[in-house]
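Chemist: Mind folding the following:
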Amino acid sequence: MNTDVNDYVSVLVPKRHLTRVYAFLGSLDEQAPDAETATEDSSNSSGAWTRELIETQFVDSPPFMKRFQKHLAENAGQEFSTYDMAEVLNAEKGWNTVAGALGAYGNRVKKRYKQTTWPFLVRWEYEGPALYSMSEDVAEIIRGL
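Modeler: A predicted model of the protein is given here:
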């Protein structure tokens, strides 16, 4: 990909939000198959995820991501922020633990399973944390594991 220096802009970000901004920017390439078609409020769907692939990714997931997905499955359709998930899952370093786990998970989904979306949904607010939820179809599979 050829990127011209004029394709970039400088943005001042409060230091306390810098890691969240980095996490968000990193997620754009992982989650959006085409930046031209992505919208500010785009959500991932499990369209390319088969039952077998959902089961495999869950079984292969580390304990934290299993708990993350189980919580979403037990509360299908309800949105949880990164902060909510950190609290519910007793994340050792708060939202940073959640962000790190999701970053590693995103890489695994992209490289191992060749997917451009996650089997659960993520929605970015203009200001504020990402919001995670799970469809009832995927939740039914996860609850059965």
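Chemist: CA only for contacts and neighbour counts going forward, please
Modeler: Fine.
Chemist: Now do the helices for this structure: every range, in order, please.
Modeler: Assigned by DSSP state H, the helices in the chain fall at 18-31, 51-60, 63-74, 82-88, 95-111, 136-143.
Chemist: ok, of these, where does mean pLDDT dip lowest?
Modeler: Ranked on mean pLDDT, the bottom entry among the helices of the chain is helix 18-31, at a mean of 61.
Chemist: just to revisit the earlier point, could you dump the helices of the chain to JSON lines with mean neighbour count?
Modeler: Formatted as JSON lines, these follow (neighbours: other C-alpha atoms under 10 Å):
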{"stretch": "helix 18-31", "mean neighbour count": "14"}
{"stretch": "helix 51-60", "mean neighbour count": "15"}
{"stretch": "helix 63-74", "mean neighbour count": "19"}
{"stretch": "helix 82-88", "mean neighbour count": "18"}
{"stretch": "helix 95-111", "mean neighbour count": "17"}
{"stretch": "helix 136-143", "mean neighbour count": "17"}
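Chemist: Would you reformat those helices as TSV and include distance to Trp118?
Modeler: TSV is the format used below for these (distance: least, C-alpha to C-alpha, whole Å):
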stretch	distance to Trp118
helix 18-31	8
helix 51-60	9
helix 63-74	11
helix 82-88	15
helix 95-111	7
helix 136-143	11
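Chemist: Of the ones you listed, give the one that comes closest to Thr117.
Modeler: helix 18-31 (5.2 Å; C-alpha to C-alpha).
Chemist: Identify the residues contacting the closest residue in space to Leu102 that isn't next to it in sequence.
Modeler: Closest residue in space to Leu102, ignoring its immediate chain neighbours: Met65 at 7.9 Å, by C-alpha to C-alpha, 6 or more residues apart in numbering. Going by C-alpha atoms under 8 Å, 6 or more residues apart in numbering, Met65 touches 58, 101-102, 105.
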